[in-house]
Every structure is written in structure tokens, then in C-alpha cells.
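*Asks:* starting from these lines, generate the structure:
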Amino acid sequence: MNPTSPQLPAALGRLLSLLPVVPGSFLFANAVNLVLRGRLPADVLAALTGKVVRVRVTDAQLRFDVRCDGRQFSACRADVLADVTIAACARDFYLLMRRQEDPDTLFFSRRLAIEGDTELGLLIKNTLDALELPFFAQARG
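*Replies:* Model prediction:
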């Protein structure tokens, strides 16, 4: 990842890396279900069915592994192989959620990485880009 993006302190990343994968993945899956419930098109859900998506927060040394069953996401075991991995530092994920940074810009500046099934990764990126998620939008004042 690009060192020019603000990073969490290395000591904090080492501490967070000690956390087990499954509980964090469980929380992440539930958050994704809450945010995306009823918002994903049927064709996207069909493409995600049975696929394992890994989200890696590089500077926090965290990863979240989730599988889609065609309706919702659930946590995976720690030893699962991911179909696609999407990785960035915590700040860049935050900027993406707030729509303050464009995923293509981050990708081409090597601050956002997609590994594995890149077609699936691009489907996820494009689907999230197309969704209106007003609770993540920057407050206008």
C-alpha cells in the first residue's frame, strides 16, 4: 500500500493483529447485512453466492472473511481461502465509505488492491459505487 496515505501506528497494528479472525468477521458480516439489506440487485447476489470475500485493513493488520449465501453474508472460518481480497489502509476505507475518495483513484495509485478473482472484485466495487448510501455521505453544512 502507498506509504503516503496516513497509517495507523505500527504498534497498534501489531496489537490488532492478535485478534482472532472469526469474531471480527462475524461483526463485519452483520454490519454488511445491515447496510446492504435489500439494496443488492438479484444478479449481484447470484454472482456472489458461494463466494468468499476477504477485506484486509493493511495498517491495522485485520482481515474479515465473509461468504454470501445468495441472501446475506456470514462469517467464515479462519482457514478459508478467499475468492477475492480487497485491501487498503483504514483511512482509505474510511474515505471510500464517506465517498471522499474514488476507488479507481485509490486503485491506480496502489492504495487499494484487488487480488484473486478481479472480475468479482470489480463487480463488488462497481455495485458499491452505484449504491446510494446516504448514512455514509459527508455531512453538508
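*Asks:* so the closest residue to Val57 other than its chain neighbours versus Arg56, what's the distance?
*Replies:* Of all residues not flanking Val57 in the chain, Ala90 sits nearest, at 5.2 Å (C-beta to C-beta, 6 or more residues apart in numbering). Where C-beta positions appear, they are placed from N, C-alpha and C, glycine not excepted. Note on Ala90: its distance to Arg56, by C-beta to C-beta, to the nearest Å, is 11 Å.
*Asks:* before we move on, what about Arg91?
*Replies:* 14 Å.
*Asks:* helix/strand/coil for Leu96?
*Replies:* helix (DSSP: H, G, I helix; E, B strand; the rest coil).
*Asks:* nearest residue to it other than its sequence neighbours?
*Replies:* Counting by C-beta to C-beta, 6+ apart, the residue nearest Leu96 is Pro103, at 6.0 Å.
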